[in-house]
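*Asks:* Predicted model and sequence below, questions to follow.
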Amino acid sequence: MRPFLRYVSRNPTLGVGLSMFLLLFLFWIIGPLFIDVNLARPLSAMPDMPPSRQYPLGTDTLGRQILPVMLQGTLYTFEIGLVAGAAGLLIGTILGFAAGYLGGPLDTFIRTSADVILTIPALAVLVVIASSIKETLSPRTMAGVIAMLAWMWPTRTIRAQVLSMRERPYVEIARLSGMNDIQIIAQELLPNLLPYLAASFVGAVAAALLAAVGLEALGLGPQTEPTLGMTIFWCMYYGAILRGLYWWWVPPMAAISYVFIGLFLISSGLDELANPRLRRARG
Amino acid sequence: MTLGYLVRRLFIFGLVIWVGMTLIFFLPKTVPGRDPVMERMLMLMATGGIQPEGIQQMVEAYRAQFGLDQPLYMQYLRYLWNMIRFDFNYSLAQYPTLVIDLIRRALPWTIALLSVSTLLSFAVGSLAGGLLGWPRTPKAFHYMLAPFLLMSSVPYYLVGLLLIYLFAFRLKLFPIGGGSQYGTLPSFSLAHILDLLHHSILPAASIVLVGIGGWALGMRGMMVTTLGEDYIILAQARGLSPRRIFFWYAMRNALLPQTTSLALSLGHIVSGSLLVEAIFRYPGVGSLLFRAISGFDYFTIYGVVFFIILALGLTTLIVDLIYPLLDPRIRYHRA
């Protein structure tokens, strides 16, 4: 713990980003003790009420209380991003290692597929998939749908790293000392890739969240569970801004910005960890 | 630029379009047991009071027309053939209108909005990033730009919502949405052009404001690398003015990799701007898609998505083809 804290004090960006998420976790843990999440359902309160003692963040047109919606919404939205990002990273790591380490026609195939699919805007393809299963979308299925198109960037970056590491002397020595490919990958390459994997993970989660919130704001999210993006969609649908219901659209907007800025800070912090040369440049 | 490069690049373009079409054909089919058009018809039956026999006939006609009674590979070939001829069929929500006509009407709006705002944010952001990496820049500038750097991670449409609230709802400086004054006919008069500009400033601003930070970050990194090069030291030793070194020696060289990232981030920009159009009810492709999704208009969804894939593939192709003209070091004769 000590060395970690000392490092974070030298890398304040990472520190601020991580503490933002620590706060969010605290909200998820402590929140349910005071907030009844059942009030996030429609018709659980008077509609369109401004913030008051009875309704801490007010209520929306459908009679949901905004505060419990925020508690559940951040949780669901983050779950989608985390699951989809993790799945994307897992697929990307396997493909990246296969391409970078084994090489040959397999490498050409994986690299070309990743490059070609990267040129296709993921959100557009996701819109087609999600709109054909709109009624049955749940946070889980959304995560699955997004994961289908979340593996290309991790594949690319990990392949490039593996490619440059494969030729390093320590890998050569490991090979000469009789380790097989699996051992080399597990014991020599993976540990050295950890900072990159961490950075790719944060990137993948951010991309998955962006896709999830975007789909939801288009109305293509879970229809029954309250998520942040769906809250934005309902705000647009019921004209919350033009009706002056600021307590409805400000919280989801602030929450989405909070999550993205936190991830952005963590990823720039990790960047510095992964590429120590950047430190000098910022001096 | 060699002929071989051109052919190879065109082949990749074709590959991108084909893979895109294939993905949107097969991926929805991996989800079990759904027939969207059938459901839409059933919904019509439930809400519209159409006779069930009529619906049954419509469904049969639909199945026959799209060859849904044929094997999957025949459906797939037929779909590919229709797509490349831009035959997306009728819009389900606005029945007698063809989807391609809806797209044709929306496309100029989107192209105008996106090209102007993307180039503007690229230019402003790159200049700002260049200044961030330049040692003589006053500290105050760094603090000024910090909010933009943070904002670069936030989706465009959130900034758009804020702009609507501040400048359209509160201050009433700009219209709350739409592409032009309701009821006006397009003409080349000054008043009409000003009206169009007036309506597009807020949507464009939300794309530009978010974009600046990203370009600035990329450019700062490139600038720092470039400033370490020997030719910069030589230029300083020759006693050239800092302004000349900044623009003609550092910026020019640092800009090249930025152009590559411009091509790479086009997809991101287009996806983000779809929602900006939707929240401003700007009459472009994004609003069309948004309305199609709410109205279960699957043919329009497919048409718009195919057009987005096609447009992005084309733009990437063009950027890739002009890149060697910008950077004479790149010859592209290596595979």
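*Replies:* Yes, it's here.
*Asks:* give me phi/psi at whatever residue of the stretch 101-250 of chain B ends up closest to chain A?
*Replies:* Nearest to chain A in the stretch 101-250 of chain B, going by Cβ to the nearest Cβ, is B:Ser153, at a distance of 3.5 Å. The C-beta positions use only the backbone N, C-alpha and C, and glycine is treated the same way. B:Ser153 has phi and psi values of phi -90, psi -10 when expressed as degrees, to the nearest 10.
*Asks:* can you give me the helices for chain B?
*Replies:* B:3-30, B:36-48, B:52-66, B:72-84, B:99-132, B:139-151, B:156-163, B:190-227, B:230-237, B:242-244, B:252-280, B:285-294, B:298-326 (DSSP state H).
*Asks:* Format the ones you listed as JSON lines; extra columns: distance to chain A, mean neighbour count and mean pLDDT.
*Replies:* Below are these laid out as JSON lines (distance: least, Cβ to the nearest Cβ, whole Å; neighbours: other Cβ atoms under 10 Å in any protein chain shown; pLDDT from 0 to 100):
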{"stretch": "helix B:3-30", "distance to chain A": "4", "mean neighbour count": "16", "mean pLDDT": "88"}
{"stretch": "helix B:36-48", "distance to chain A": "5", "mean neighbour count": "14", "mean pLDDT": "62"}
{"stretch": "helix B:52-66", "distance to chain A": "15", "mean neighbour count": "13", "mean pLDDT": "66"}
{"stretch": "helix B:72-84", "distance to chain A": "12", "mean neighbour count": "14", "mean pLDDT": "86"}
{"stretch": "helix B:99-132", "distance to chain A": "10", "mean neighbour count": "19", "mean pLDDT": "92"}
{"stretch": "helix B:139-151", "distance to chain A": "5", "mean neighbour count": "14", "mean pLDDT": "90"}
{"stretch": "helix B:156-163", "distance to chain A": "5", "mean neighbour count": "24", "mean pLDDT": "92"}
{"stretch": "helix B:190-227", "distance to chain A": "4", "mean neighbour count": "20", "mean pLDDT": "90"}
{"stretch": "helix B:230-237", "distance to chain A": "14", "mean neighbour count": "12", "mean pLDDT": "91"}
{"stretch": "helix B:242-244", "distance to chain A": "19", "mean neighbour count": "11", "mean pLDDT": "91"}
{"stretch": "helix B:252-280", "distance to chain A": "4", "mean neighbour count": "21", "mean pLDDT": "86"}
{"stretch": "helix B:285-294", "distance to chain A": "5", "mean neighbour count": "24", "mean pLDDT": "90"}
{"stretch": "helix B:298-326", "distance to chain A": "4", "mean neighbour count": "20", "mean pLDDT": "87"}
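*Asks:* Those helices into JSON lines, with extra columns for distance to A:Leu215?
*Replies:* As requested, the helices of chain B are exported to JSON lines (distance: least, Cβ to Cβ, whole Å):
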{"stretch": "helix B:3-30", "distance to A:Leu215": "14"}
{"stretch": "helix B:36-48", "distance to A:Leu215": "17"}
{"stretch": "helix B:52-66", "distance to A:Leu215": "26"}
{"stretch": "helix B:72-84", "distance to A:Leu215": "23"}
{"stretch": "helix B:99-132", "distance to A:Leu215": "19"}
{"stretch": "helix B:139-151", "distance to A:Leu215": "22"}
{"stretch": "helix B:156-163", "distance to A:Leu215": "12"}
{"stretch": "helix B:190-227", "distance to A:Leu215": "19"}
{"stretch": "helix B:230-237", "distance to A:Leu215": "46"}
{"stretch": "helix B:242-244", "distance to A:Leu215": "47"}
{"stretch": "helix B:252-280", "distance to A:Leu215": "10"}
{"stretch": "helix B:285-294", "distance to A:Leu215": "10"}
{"stretch": "helix B:298-326", "distance to A:Leu215": "13"}
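*Asks:* Out of those, the one nearest A:Ala87 is which?
*Replies:* Of all those, it is helix B:3-30 that lies closest to A:Ala87, at 15.1 Å by Cβ to Cβ.
*Asks:* For the residue nearest to the spatial centre of chain A, report the pLDDT, please.
*Replies:* A centroid search over chain A (Cα atoms, centre = their mean) returns A:Val205, at 2.1 Å, as the residue closest to the centre. A:Val205 is assigned a predicted lDDT (pLDDT) of 94.
*Asks:* and the angle from the helix or strand hosting it to helix B:285-294?
*Replies:* Per DSSP states H and E, A:Val205 falls inside helix A:190-217. Interaxial angle, helix A:190-217 versus helix B:285-294 (axes from the mean of the first three to the mean of the last three Cα atoms, to 10 degrees): 80 degrees.
*Asks:* Just list what helix A:190-217 packs against, helices and strands only.
*Replies:* Helix A:190-217 makes packing contacts with helix A:66-97, helix A:122-132, helix A:139-147, helix A:152-166, helix A:228-237, helix A:246-274, helix B:252-280 when contacts are defined by 3 or more Cβ pairs under 8 Å, 6 or more residues apart in numbering or on different chains; DSSP states H and E.
*Asks:* buried ones in that helix?
*Replies:* A:193, A:195-217 (16 or more other Cβ atoms under 10 Å in any protein chain shown).
*Asks:* Over to stretch A:167-179?
*Replies:* Across stretch A:167-179, burial judged by 16+ other Cβ under 10 Å covers A:Val171, A:Ala174, A:Met179.
*Asks:* for these, which one is nearest chain B?
*Replies:* A:Val171 (26.4 Å).
*Asks:* Quickly note the distance from that closest one to A:Gly100.
*Replies:* Per Cβ to Cβ, to the nearest Å, A:Val171 is found 12 Å from A:Gly100.
*Asks:* OK, contacts around the residue of the stretch 151-283 of chain A found nearest chain B?
*Replies:* The stretch 151-283 of chain A approaches chain B most closely through A:Phe264 (3.5 Å), counting by Cβ to the nearest Cβ. For A:Phe264, the contact set (Cβ atoms under 8 Å, 6 or more residues apart in numbering or on different chains) comprises A:Gly17, A:Ala206, B:Leu150, B:Ser152, B:Ser153.
*Asks:* Tabulate those residues (CSV), appending distance to A:Ala130.
*Replies:* Output for those, formatted as CSV (distance: Cβ to Cβ, whole Å):
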residue, distance to A:Ala130
A:Gly17, 29
A:Ala206, 19
B:Leu150, 29
B:Ser152, 26
B:Ser153, 23
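*Asks:* And those, which two are furthest apart?
*Replies:* Maximum distance among the contacts of A:Phe264 (Cβ to Cβ): 14.6 Å, for A:Gly17 and B:Ser152.
*Asks:* about what we covered before: the residue nearest to the centre of chain A and A:Gly85 touch, don't they?
*Replies:* Yes - at 3.4 Å, A:Val205 counts as touching A:Gly85 under the criterion of Cβ atoms under 8 Å.
*Asks:* if we can go back for a sec, and the pLDDT at the residue of the stretch 151-283 of chain A closest to chain B?
*Replies:* pLDDT at A:Phe264 comes out at 92.
*Asks:* how much space is there between it and A:Leu210?
*Replies:* 11 Å.
*Asks:* Please apply the same query to B:Leu227.
*Replies:* 32 Å.
*Asks:* quick revisit: which among the helices and strands packed on helix A:190-217 is found nearest to B:Ser180?
*Replies:* Nearest of these to B:Ser180, taken as Cβ to Cβ: helix B:252-280 at 12.3 Å.
*Asks:* Now do the same contact list for the closest residue to A:Leu270 other than its chain neighbours.
*Replies:* Excluding its sequence neighbours, the residue lying closest to A:Leu270 (Cβ to Cβ, 6 or more residues apart in numbering or on different chains) is A:Ala199, at 4.4 Å. Contacts for A:Ala199 (Cβ under 8 Å, 6+ apart) come out as A:Ser267, A:Leu270, A:Asp271, A:Leu273, A:Ala274.
*Asks:* number of nearby residues for the second one?
*Replies:* Yep, that's A:Leu270 we're talking about. Close neighbours of A:Leu270, defined as other Cβ atoms under 10 Å in any protein chain shown, add up to 22.
*Asks:* Would you mind listing the residues in contact with it?
*Replies:* Each residue near A:Leu270 by Cβ under 8 Å, 6+ apart is listed here: A:Leu14, A:Pro195, A:Ala198, A:Ala199, A:Val202.
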